[in-house]
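J.: Sequence first, then the predicted structure, then my questions.
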Amino acid sequence: MNHSNPILTVKYWLRTGYRPLILLVALGLLMISSLRAQLISLKTIPVAAGDQFLLFPSQNLGIGGVSISLSDSLADPWVNPAYGNKIKGRHVFIAPVYYRIANGMGSARSMPFSVQWSQGVWFAGGGLAIQTLNTDENPTFWQPGARTLSGNSAENKYFAGFLGKRLTGLNSSIALGVYWADLSALGGVDLLYNNSQKIVQDGDISDIRIGFVRESQQGVSQEILFIRNEVDLLHEVSYRRGWGEEQIEQNLDHTVTLGLHLGIQVPLNNDEWKYGGLFTMNHKSHPKIPNYEIMNIPRDPGNTMAYNLGVGLSKRAALTTFGVDIIYEPIWSNTWAEADTFMVNLEDQLIRPGDKTIENDFKFSNWIMRTGLGWKKDHQTFQLGLQMRTIQYTLDQQDYLAVTQRQQQEYWSEWTTTWGVTFEYPEYTIRYSGRTTTGTGRPGVDTQWIWFGGALEASVGGDYIIAPSDDLTLEAARVITHQISIAVPIGK
């Protein structure tokens, strides 16, 4: 068997004795209901959402988040729970996080607590986090003065856990991971209701993951992960219509994601250098998409197919760590609005309830590149990294009421600089990681009096599927994030 070719390795793995395990994992997926893991983020606008879901420590955060060919013993079990097979002993982690979006566009403070445990063939982990999220603080013409404390601040709660078993005879592990977030606010949503007086959010994100990892004696690591994620949120938005009374609109946001992730890491001539590859597929169903801004037109269904194709190269020696990831991300998304009453278009054709009034077809061609370097001196480790994400898409929009067609192309890039330092001792480990992102902020469109004519649609929970009514504009803002992680072993 030639392990230098990842394609042949995967074919060999599927041919020789592991098909029953893969079928078992697939059957398990049919019996469960939701998850958040290798999810592909959708963005049709450069909205600054912050690092709301950065809740657990990571070894590689300071080196740009390189991950395809470089293992991360802290973060990997929370992404694919089967990687909990690398846990040794018992540890407790405290990892507070603070991020701020410049120009008063929002901030958050999170206090996560987690434990990891391993004994014999079993391993497990659990964590919880309490988060205070502050939304956009800038007043507008429609909202003079500062918002009240309750209107500007919200509390979110997060719970996560995993349980797995080592299959020693097969050099493999299988595990189940669960995640649930009780949300009172989602970062970035307030930036898309610019003219609102107050926004009240409520809902949850729930997910379950099933992971399988196999490691051969030659050092080849292969993983498979099945995902089902569900976002279920309600936005209650208040507007002041001129000098009239307050008007409240309720916007539902519901998205279900089914995903499959495959990954492989292969050592080169020695154990220091590795290369890897990944394939991720997400099918997103959007039964209900929010109606952003004040045009109260139904924004109902949508479907998305998203893929990640990536390769990576890394080196991990005694005193240095280096890695690079390159990911291509093609995405196809289709959203539409449906009529809720009988209508007649400009050509006197009848549109019945349930017929499409607007249809949007998005075609994305995105790229992600990450690189980073770490070096160790005595008990200290220093890290620097860089990530670039380019987003490019074409929107083809069909308006069945106005009987018009239009095409719009958008492109922007997001740059993230990362850094970190670690102090490691037998009794404890203290890790600080930071990063700053540019290229996002408060988006808008190049149309005057947008609140009387613009229709925006989106799905949140990491996704913003918005069909802009005109060319995009951006009030740029920098996002700065800090994380301090303290790890303490329990016993020996």
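T.: Happy to help now that I have it. Residues are numbered from 1 along each chain as shown.
J.: how far is stretch 405-412 from where the chain is centred?
T.: Relative to the mean C-alpha coordinate of its chain, stretch 405-412 is positioned 24 Å out (C-alpha atoms, centre = their mean, to the nearest Å).
J.: hmm, I was thinking of stretch 419-433
T.: Here the centre of stretch 419-433 is set off from its chain's centre by 26 Å, with C-alpha atoms, centre = their mean.
J.: Ok, stretch 408-426 next?
T.: Between the mean C-alpha point of stretch 408-426 and the mean C-alpha point of its chain there is a distance of 14 Å (C-alpha atoms, centre = their mean).
J.: same deal with stretch 335-343?
T.: Averaged over its C-alpha atoms, stretch 335-343 has a centre that lies 31 Å from its chain's centre (C-alpha atoms, centre = their mean).
J.: as a whole number, average confidence for that stretch?
T.: Here stretch 335-343 scores 87 as its mean pLDDT.
J.: Got the phi and psi for the residue of the chain most remote from its centre?
T.: When distances to the mean C-alpha position of the chain are computed (C-alpha atoms, centre = their mean), the maximum falls on Asp348, with 44.2 Å. Phi and psi for Asp348, reported as degrees, to the nearest 10, are phi 60, psi 30.
J.: do the same with the one 10 residues further on
T.: In terms of degrees, to the nearest 10, the main-chain angles of Ile358 are phi -140, psi 140.
J.: Ok, Leu70 next?
T.: Geometry field for Leu70 lists phi and psi as phi -120, psi 120, criterion degrees, to the nearest 10.
J.: try Arg352
T.: Recorded main-chain torsions at Arg352 are phi -90, psi 160, according to degrees, to the nearest 10.
J.: so what's the residue nearest to it when sequence neighbours are not counted up against?
T.: Closest residue in space to Arg352, ignoring its immediate chain neighbours: Phe342 at 6.2 Å, by C-beta to C-beta, 6 or more residues apart in numbering. Bear in mind the C-beta positions are built from the backbone N, C-alpha and C, glycine included. When contacts are counted by C-beta atoms under 8 Å, 6 or more residues apart in numbering, Phe342 touches Leu350, Ile351, Arg352, Pro353.
J.: let's go with 7 Å and repeat that
T.: For Phe342, the contact set (C-beta atoms under 7 Å, 6 or more residues apart in numbering) comprises Leu350, Arg352, Pro353.
J.: Just the closest of the residues you listed to Ile199, please.
T.: Taking C-beta to C-beta as the measure, Pro353 is the one of these closest to Ile199, at 29.2 Å.
J.: So the closest one versus Met343, what's the distance?
T.: Distance check for Pro353 against Met343: by C-beta to C-beta, to the nearest Å, it reads 9 Å.
J.: Of these two, which one has the most company?
T.: When Pro353 and Met343 are compared on other C-beta atoms under 10 Å, the one with more neighbours turns out to be Met343, at 15 against 11.
J.: For that one, which non-adjacent residue is closest in space?
T.: Excluding its sequence neighbours, the residue lying closest to Met343 (C-beta to C-beta, 6+ apart) is Ile351, at 4.3 Å.
J.: What does that neighbour show for phi and psi?
T.: Torsion angles, degrees, to the nearest 10, at Ile351: phi -110, psi 120.
J.: Give me the contact list for stretch 409-422.
T.: Around stretch 409-422, the neighbours that count as contacts under C-beta under 7 Å, 6+ apart are 46, 61-64, 372, 380-394, 429, 431-440, 472.
J.: Likewise for stretch 176-188?
T.: Counting contacts by C-beta under 7 Å, 6+ apart, the residues touching stretch 176-188 from outside are 35-36, 47-50, 52, 81, 106, 108, 133, 135, 154-163, 201-211, 233, 460-461.
J.: Please identify the buried residues of it?
T.: Along stretch 176-188, these residues count as buried under the neighbour rule (16 or more other C-beta atoms under 10 Å): Leu176, Gly177, Val178, Tyr179, Trp180, Ala181, Leu183, Ser184, Ala185, Leu186, Gly187, Gly188.
J.: Can you add secondary structure and distance to Val403 and give those back as CSV?
T.: CSV is the format used below for those (DSSP: H, G, I helix; E, B strand; the rest coil; distance: C-beta to C-beta, whole Å):
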residue, secondary structure, distance to Val403
Leu176, strand, 52
Gly177, strand, 49
Val178, strand, 49
Tyr179, strand, 45
Trp180, strand, 46
Ala181, strand, 43
Leu183, strand, 40
Ser184, coil, 43
Ala185, coil, 40
Leu186, coil, 36
Gly187, coil, 38
Gly188, coil, 34
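J.: Just the buried ones among the contacts of stretch 409-422, please.
T.: Applying 16+ other C-beta under 10 Å to those, the neighbour count classes 46, 61-64, 372, 381, 383-387, 389-391, 393, 429, 431-440, 472 as buried.
J.: low-confidence ranges in the stretch 301-450 of the chain?
T.: With pLDDT under 70 as the threshold, the stretch 301-450 of the chain has low-confidence stretches at 444-450.
J.: In it, mark out all the strands, start to finish.
T.: 302-316, 320-338, 343-344, 350-351, 356-377, 380-399, 404-424, 429-445 (DSSP state E, counting those that start in this stretch).
J.: same question, the stretch 1-150 of the chain
T.: Using DSSP E, counting those that start in this stretch, strands in the stretch 1-150 of the chain cover 90-94, 97-101, 106-119, 122-134.
J.: Would you tell me which one of those strands is buried the most?
T.: For those, average neighbour numbers computed from mean count of other C-beta atoms under 10 Å are highest in strand 97-101, which has a mean of 22.
J.: before we move on, back to that, out of the contacts of Phe342, who's nearest Met281?
T.: Comparing the contacts of Phe342 against Met281 with C-beta to C-beta picks out Pro353 as the nearest, at 34.4 Å.
J.: residues in contact with the closest one?
T.: By C-beta under 7 Å, 6+ apart, the contact list for Pro353 reads Ala339, Asp340, Thr341, Phe342.
J.: Farthest-apart pair in those, please.
T.: Asp340 and Phe342 (9.6 Å).
J.: Please report phi then psi for Gly120.
T.: Backbone torsions for Gly120, taken as degrees, to the nearest 10, come to phi 60, psi -130.
J.: how close does it sit to Ile87?
T.: Gly120 sits 12 Å away from Ile87, going by C-beta to C-beta.
J.: Which one of those two is surrounded by more residues?
T.: Set side by side, Gly120 and Ile87 give different neighbour counts by other C-beta under 10 Å, the larger being at Ile87 (20 against 8).
J.: Could you check how far the more buried one is from Ser114?
T.: As for Ile87, its distance to Ser114 is 12 Å (criterion: C-beta to C-beta).
J.: now Leu170
T.: 28 Å.
J.: try Arg90
T.: Applying C-beta to C-beta, one obtains 12 Å for the distance of Arg90 from Ser114.
J.: which residues does Ile208 form a beta bridge with?
T.: Val178, Arg228 (DSSP bridges).
J.: wait, it sits on Arg228?
T.: Yes - with the criterion set as C-beta atoms under 7 Å, Ile208 and Arg228 qualify as a contacting pair; they are 6.3 Å apart.
J.: neighbour-wise, which of these two wins?
T.: Residue environment comparison for Ile208 versus Arg228 gives the larger neighbour count to Ile208, 24 against 21, counting by other C-beta under 10 Å.
J.: circling back to that earlier point, switch the strands of the stretch 301-450 of the chain over to JSON lines; also include distance to Tyr99.
T.: Listed next are these as JSON lines, based on distance: least, C-beta to C-beta, whole Å:
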{"stretch": "strand 302-316", "distance to Tyr99": "24"}
{"stretch": "strand 320-338", "distance to Tyr99": "23"}
{"stretch": "strand 343-344", "distance to Tyr99": "45"}
{"stretch": "strand 350-351", "distance to Tyr99": "45"}
{"stretch": "strand 356-377", "distance to Tyr99": "19"}
{"stretch": "strand 380-399", "distance to Tyr99": "16"}
{"stretch": "strand 404-424", "distance to Tyr99": "12"}
{"stretch": "strand 429-445", "distance to Tyr99": "9"}
